[in-house]
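A.B. asks: what's the 3D shape of this:
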Amino acid sequence: MISQLIGYLRKRSGCCLLICEADAGKIDTGKGESFECDGVIRLSFMDFEEKPRRILEIHKLRYTAFEPKVAHNLILNNECIKLSDSKII
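C.D. replies: Next up is the predicted model:
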């Protein structure tokens, strides 16, 4: 069914965002979402230098060159959402 839903959404719009929650350490729920989708990112928290940080990891991004498994600090505030420079954490 997920394949049919994604196919329908691709025909109806140029872009869509499918969000799912997976167990820690996994990139999908086991129902094939990561196979069907063009991109897979993981949002998480990590303690770095005794300070919690939001982390965004890109696991898959079709048609795009990227450094796999390079974490970025995800900054969320009242003014913007942005990524810090790439860091190996």
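
A.B. asks: need the next SSE after the helix-or-strand element of the chain with minimal mean pLDDT, C-terminal direction.
C.D. replies: Least confident helix or strand of the chain, by mean pLDDT, DSSP states H and E, is strand 72-76 with a mean of 74. Next helix or strand after strand 72-76 toward the C-terminus (DSSP states H and E): strand 81-83.

A.B. asks: for that following strand, packing partners?
C.D. replies: Where contact means 3 or more CB pairs under 8 Å, 6 or more residues apart in numbering; DSSP states H and E, strand 81-83 is packed against strand 72-76. No exception for glycine: its C-beta is placed from N, CA and C like everyone else's.

A.B. asks: Glu57: helix or strand, and which one exactly?
C.D. replies: For Glu57, the host element (DSSP H and E) is strand 51-61.

A.B. asks: Can I get the longest helix anywhere in the chain in CSV, CA atoms only?
C.D. replies: What stands out as the longest helix in the chain, according to DSSP state H, is helix 2-12. Backbone C-alpha positions of helix 2-12 (Å, rounded to 0.1, in the frame of the first residue of the first chain) are rendered in CSV as follows:
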residue,chain,number,x,y,z
ILE,A,2,2.9,2.4,0.7
SER,A,3,4.1,2.0,-2.9
GLN,A,4,0.6,2.9,-4.2
LEU,A,5,0.4,5.9,-1.9
ILE,A,6,3.7,7.2,-3.0
GLY,A,7,2.9,6.7,-6.7
TYR,A,8,-0.4,8.6,-6.2
LEU,A,9,1.4,11.5,-4.5
ARG,A,10,4.0,11.7,-7.2
LYS,A,11,1.3,12.0,-9.9
ARG,A,12,-0.6,14.6,-7.9
